[in-house]
Every structure is written in structure tokens, then in C-alpha cells.
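> All I have is the shape, not the residue letters:
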Ligand code: ASP
Ligand code: MG
């Protein structure tokens with residue numbers, strides 16, 4: 001007998017008939033010998049309707065009252081579903097978040113869960129009842145016991161948190177799609193359903209999967225090792241398992257806010273090769289990394305900075321033992337990569353740095369918290385460590401620094417993020433979840449294999465900002481990203497140019513990064529204001545960009561994966577404006593109008609295309 005948490009989304013409970021169908025499914029699962037806690041969303045588009053009502057009364061409704069209003073949607077569903085179960089002869093009881101004791105921060109409309117009381121839940125479960133819990137809501141603990149909500153789409157988070165608190169066997173998320181697809185089927189007709197995906201991969205694919213599964217739910221599943229499956233409530237298809245490594249006995253107190261960073265990692269066995277002034281045209285990265293992969297050289301980080309004039313800088317890191325080979329390839333190819341603007345003078349220049357180290361912070365908790373990366377940069381600045389390269393992903397920030405400063409950097413970061421020395425030994429975010437996933441005992445559950453690339457995502461909602469001529473000294477990244485964090489602006493890719501120019505006696509570099517399009521203009525305004533005062537150069541905004549990313553835990557240690565992506569783009573004559581990588585992800589920024597074409601080409605190149613058609617409801 002298993003304890004299962006089932007969550008049903010809005011469409012799955014959108015009508016009386018649907019609620020009755022859900023009751024049938026719950027009833028069947030109970031009859032098969034399981035105990036069930038059901039978490040439900042508001043019926044259909046109820047929440048949207050309530051939001052609309054509020055805005056008709058106030059353009060800027062009070063957030064406390066908003067929570068009072070929105071939390072009513074789920075309360076309707078729990079009562080109706082309980083009745084439907086009782087009609088089937090199944091004892092059931094509905095409970096609001098407050099009645100269960102889902103204790104959250106006092107932060108209205110975006111509260112994070114602190115703790116879940118299990119006593120009442122357990123008592124009803126033991127009495128043979130199905131407990132139907134209102135998703136998306138909780139109560140603040142201090143004093144007033146206010147009703148809070150977790151943010152739109154938050155019922156997934158309620159469900160996984162309850163599963164973690166109860167130590168449930170697994171959590172099923174029932175929705176109106178058959179599971180997680182390899183890419184967006186509205187853009188790529190050949191998108192395929194995945195059998196399984198690790199939480200880390202899912203988090204990195206946030207822009208693809210966020211609509212299907214709340215990223216905070218994935219974060220909790222990962223931190224507590226809750227097996228999770230996304231399935232259609234209309235069929236009996238197995239859906240997609242979202243797997244995670246074995247839990248490490250993490251405390252259930254401060255469930256969602258405990259620690260944004262789990263690990264501080266470092267690797268001193270790294271060297272950097274940079275090619276400066278390569279032409280800014282399609283096919284260059286493909287040629288370089290194609291040749292590198294034919295030499296079986298596995299590159300770790302790759303970054304390509306925003307171009308200045310007509311040329312780009314591309315830099316990558318490799319482990320020290322293969323540096324010679326990597327350097328030989330780069331040197332051999334450099335003469336062929338001439339800038340078009342000035343073919344005689346400007347030959348690509350190869351720059352090698354032997355003594356570098358990569359230090360990283362990793363943790364699912366950094367998602368949507370712009371302050372975390374900023375704190376890393378500030379910590380390094382305070383320790384007097386200069387950052388040579390920055391590479392970011394959803395759950396990791398890595399900085400390349402001088403090897404001689406590595407120890408100092410790691411110590412400072414461990415102190416700042418309260419990580420015990422012993423704890424860094426555990427493996428990085430990307431590497432954990434493929435082999436040792438505790439897949440639930442289900443005959444239909446496939447074992448997760450690790451394809452090179454699991455999925456491909458396109459993000460058309462980003463904008464790129466570049467700041468020219470930032471002084472190259474410790475503290476500049478801290479200053480810049482600290483400012484953005486203060487304005488609550490999350491930064492995605494960050495790329496520092498490799499070439500350094502001395503202007504007014506100060507060595508300077510360009511830095512480029514992407515933010516959400518929504519934040520583009522205000523970030524630019526804000527940065528222009530400080531630029532003059534801080535002696536920075538021009539601030540440039542480009543909103544017409546697209547970011548396409550490949551994600552797969554199988555790409556760790558495999559040469560040639562990035563090269564294949566670049567090659568697919570080159571074949572379509574698509575120019576790559578920026579490149580950034582992490583262990584399990586490679587992202588390229590291209591022109592916005594080429595985004596969809598880029599996505600399709602890459603999806604096909606990795607053999608993800610299939611023949612089954614998936615229709616996704618609007
Ligand atoms: N009903 C809430 C919303 O629409 C929560 C949820 O469905 O997950 O955002
Ligand atoms: Mg949802």
C-alpha cells in the first residue's frame with residue numbers, strides 16, 4: 001500500500017463532469033489499496049476570472065485582499081470533489097491550506113512554504129478518508145494567521161510540498177497535456193513525449209516546462225527526492241516521470257526558503273583558451289568546435305561575447321591535460337578565421353591561460369532570486385578575487401578565476417552561503433540525477449536513460465543588455481548585478497568579453513547579459529543613470545533576440561554536443577550572437593526572427609523528432 005499525492009489542475013476539474021471523473025480516478029486508486037491526498041486547483045479559469053473582477057474595482061488591488069479573493073477558487077473545488085467522492089461511497093474530507101497547517105511566509109501573493117503540519121492529514125488518512133486539500137494557499141504563522149497564496153500556478157508546489165512532508169511514495173500531477181514534451185509542439189510539430197526527465201534537466205528547461213509544472217514544485221521534488229509524474233487526466237497513459245537523486249535527510253522546516261545554495265564547487269584542473277576577433281558570421285563556432293570535437297577534446301564552459309565592431313570573442317575551458325590539444329586546434333584554425341572588415345590586419349588571436357580555476361555555486365533555490373548571483377559576485381569582490389568568466393544557468397553560477405585565488409574564493413563563498421566544508425564534496429547539479437533515481441514501484445515507469453539532449457527550449461521573451469567598457473577589477477560584476485537584484489531584475493545569461501582594452505589608463509571589458517523583455521527598458525534606464533557616475537561606457541539594449549537551449553544530463557563529459565548544435569545553426573545560416581554553457585545546458589542567442597527556425601533545426605539535429613502528434617490546449 002502506498003501513500004500517493006494526486007494533484008488535479010484547473011482544466012481537470014473544470015466542470016461537474018470532470019470533477020466526477022476525477023472522483024472516479026481517485027476512488028479507483030484507493031480501491032487498488034492506496035491512501036490518497038488530493039490537491040486541487042480552482043475550476044477552469046476561475047482564478048483568471050477573480051483577478052479580472054478585482055481589477056474592475058481597483059487598478060492596483062491590495063495584496064492581502066487579493067489573497068482572500070483568489071484563495072476562494074480552490075475552496076469551491078475541494079468541497080465539490082469531496083462530495084463527489086462521498087457520492088461514490090468513498091469517505092472524504094476537504095481542507096483549506098490553513099486547516100491543514102500549510103504555514104507560509106507572510107508575503108501575500110507570492111508566499112513560500114515554511115512548514116506543513118501533518119497531524120491532521122495523517123489522522124484523516126489513518127481513518128480511511130481521502131483528504132482533499134486546496135492548492136495554492138496557506139496561512140502565515142506569526143500572530144494574525146493571514147491567508148496567503150503561493151503565486152499563480154502554485155498548486156503544483158502545494159502538492160509536492162505535501163508529498164515531501166508526508167513522505168509520500170510519489171506525487172502525480174494530472175493536467176491537460178500527456179506529459180513533458182521534447183519541445184513546444186506549437187512550434188515544432190515533431191515534438192515527442194518524454195518518458196522521464198531529471199529534476200535538474202527540468203529546472204534548466206524552465207522556459208519550456210514552466211507552464212506544465214511550477215518550477216518551485218520541481219525545486220521541492222529535487223530537494224526532498226519526491227518522485228513526481230506529470231500525466232493527463234483524460235487518459236491512462238503513463239506520462240513523464242520527473243526524477244531526482246536520493247534525498248539527503250534535509251529538514252522539513254523552512255521547506256522552501258532553507259538555503260538557496262546547496263553546494264560550493266571548484267575545479268582547479270582547468271585552463272582557458274580564448275579566440276579573439278573571430279568574424280561575426282554564421283558557421284564560425286560550428287567550425288571551431290566541430291574541429292575540437294573531432295580531436296575528441298571535451299570542452300567545459302563555452303562563452304561567446306557580444307560583438308564589438310564586426311568580430312566576436314569565443315572562449316572555452318578544458319581540463320588541463322588536454323589543453324595542449326585544444327590549443328593546437330585553436331591555433332591551427334585561427335588564420336582561417338579572419339575578420340571580414342579588416343582581413344589583412346585582423347587575424348583571430350589565440351590566448352591561453354593555464355592557471356585558472358572554476359568556482360561554482362549550485363542550488364535549485366536560486367531560481368527567481370536575483371540576489372543570489374549578486375551575492376556570489378559581491379563575496380568574491382570582498383575577497384579581492386577578480387572574475388574572468390561568468391557562466392550562468394537556472395541552478396548554477398560558475399566563475400572562472402585565477403587559480404591562485406581559488407582557495408580564498410571557495411572559503412569566502414562557503415562562509416557567505418553557510419555551506420559546511422564537507423558538504424561541497426557532493427556532485428554538481430547536473431550530474432546527480434540520471435542513474436540513482438529512486439523510481440517509484442510502477443511497472444509502467446521506464447528507467448531513465450540519459451540521452452545527450454533531453455529537450456530543446458526557445459525563449460522569445462528575453463532581451464539583451466550590453467555595457468561597454470566596464471573597468472576590469474574586482475567588484476564590478478558585484479556592483480552591476482547587485483543593482484539589478486535590488487530592482488528585483490533576474491539575469492539569465494551573463495557574458496564578459498575576453499578582450500581587454502585600456503582606456504584612460506584603465507583596463508576595460510564589455511559585459512553582456514540577458515533579462516526578461518519586461519525588465520529590459522527599466523534595466524537600461526537604471527543602468528544609464530549609474531553608468532556615468534561609475535565611469536562605464538554605453539548601455540545597449542536589444543529586445544529582438546531569441547535564446548535557444550539544449551538540455552541533457554547525458555552531455556556531461558561528451559565531446560561534440562555543443563558543436564552539433566552550432567553546426568545545425570550554421571547549416572541554416574543562423575548567426576550566433578551569444579553562447580553560454582553549463583554542465584547540462586548550452587544556450588545560444590540568435591536574432592529573434594530566426595528563433596523558431598533555430599529551434600526546429602536543433603530539435604531535428606539531435607534526433608528528437610518523432611511522428612506522433614501532440615495537440616496542446618490553448
Ligand atoms: N488556481 C491558481 C492559478 O490559477 C493556482 C493553480 O492552479 O495552480 O494560478
Ligand atoms: Mg498549472
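Happy to help now that I have it. Please read these numbers as outputs of a predicted model, since none were measured by experiment. Numbers count the residues shown, from 1 in each chain. Ligands and ions are numbered 1, 2, ... in the order given.
> Averaged pLDDT, the longest strand along the chain. What do you get?
Identified as the longest strand of the chain according to DSSP state E is strand 263-279. For strand 263-279, mean pLDDT rounds to 90.
> Adjacent strands (with direction) for it?
Here strand 263-279 has these sheet partners by DSSP bridges: strand 311-319 (antiparallel), strand 349-362 (antiparallel).
> Flag every buried residue along that strand.
Buried residues in strand 263-279, counted by 16 or more other Cβ atoms under 10 Å: 263-267, 270-279. All C-beta spots, glycine's among them, are computed from the backbone N, C-alpha and C.
> Buried residues, stretch 375-387. List them.
Buried residues in stretch 375-387, defined by neighbour count with 16+ other Cβ under 10 Å: 375-381, 383, 385-387.
> So which of those residues belong to helices?
Among these, the ones falling in helices (DSSP state H) are 375-381.
> right, and out of these, which lies closest to ligand 1?
residue 375 (29.6 Å; Cβ to the nearest ligand atom).
> Show the model's pLDDT score for the closest one.
The model reports residue 375 with a pLDDT of 92.
> what comes up buried for the host helix or strand of residue 456?
Secondary-structure assignment from DSSP states H and E places residue 456 in strand 455-459. Under the neighbour-count criterion of 16+ other Cβ under 10 Å, strand 455-459 has 455-459 buried.
> strands paired with that strand, and their directions?
strand 545-551 (antiparallel).
> buried set for whichever helix or strand comes after the strand it pairs with?
Downstream of strand 545-551, the first helix or strand assigned by DSSP H and E is helix 561-571. Neighbour-count burial for helix 561-571, counted by 16+ other Cβ under 10 Å, picks out 561-570.
> now swap in stretch 585-592 and tell me
585-590, 592.
> Just say helix, strand or coil for the nearest residue to residue 503 once chain neighbours are set aside.
Spatial nearest neighbour of residue 503, chain neighbours left out: residue 469 (5.9 Å); criterion: Cβ to Cβ, 6 or more residues apart in numbering. Recorded secondary structure, residue 469: strand (DSSP: H, G, I helix; E, B strand; the rest coil).
> Tell me which residues touch residue 469, please.
Applying Cβ atoms under 8 Å, 6 or more residues apart in numbering to residue 469 gives the contacts 501, 503, 508-510, 536-538.
> can you pull the pLDDT of it?
For residue 469, pLDDT reads 89.
> picking up where we left off before, are any of the contacts of residue 469 buried, and if so which?
For the contacts of residue 469, a burial check counting by 16+ other Cβ under 10 Å picks out 508-510, 536.
> what's the burial count for residue 521?
12 (other Cβ atoms under 10 Å).
> mean confidence for the helix or strand where it lies?
Using DSSP H and E, residue 521 maps to helix 517-534. For helix 517-534, mean pLDDT is 93.
> List of residues touching it?
By Cβ under 8 Å, 6+ apart, helix 517-534 touches 461-463, 465, 467, 479-480, 483-484, 487, 489-490, 515, 536-539, 541, 543.
> Among the residues you listed, the buried ones, what's the ChimeraX command?
For the buried members of the contacts of helix 517-534, the matching ChimeraX selection, counting by 16+ other Cβ under 10 Å, is:
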select :462,463,465,467,479,480,483,484,489,490,515,536,539,541
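> how close does residue 56 get to residue 50?
11 Å (Cβ to Cβ, to the nearest Å).
> and if you look at residue 152?
In terms of Cβ to Cβ, residue 152 sits 11 Å off from residue 50.
> likewise residue 350?
Taking Cβ to Cβ, one finds residue 350 at 60 Å from residue 50.
> Residue 186 now?
27 Å.
> How about residue 397?
On the measure of Cβ to Cβ, residue 397 and residue 50 end up 37 Å apart.
> Report the contact partners of the one residue in the stretch 201-350 of the chain that gets nearest to ligand 1.
Residue of the stretch 201-350 of the chain nearest ligand 1, by Cβ to the nearest ligand atom: residue 214 (6.9 Å). By Cβ under 8 Å, 6+ apart, residue 214 lies in contact with 153-157.
> swap the cut-off to 6 Å and go again
For residue 214, the contact set (Cβ atoms under 6 Å, 6 or more residues apart in numbering) comprises 153, 156-157.
> By residue count, tell me the biggest helix in this structure.
Using DSSP H, we find that the single longest helix of the chain is helix 63-87.
> Which parts of that helix count as buried, going by neighbours?
Residues of helix 63-87 classed as buried by neighbour count (16+ other Cβ under 10 Å): 66-67, 69-75, 77-78, 80-82, 84-85.
> re the thing from before, export the buried residues of helix 561-571 to a markdown table and tack on pLDDT and distance to residue 208?
Formatted as a markdown table, the buried residues of helix 561-571 follow (pLDDT from 0 to 100; distance: Cβ to Cβ, whole Å):
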| residue | pLDDT | distance to residue 208 |
| --- | --- | --- |
| 561 | 91 | 18 |
| 562 | 92 | 19 |
| 563 | 92 | 22 |
| 564 | 93 | 19 |
| 565 | 95 | 16 |
| 566 | 94 | 20 |
| 567 | 93 | 22 |
| 568 | 95 | 18 |
| 569 | 95 | 18 |
| 570 | 94 | 23 |
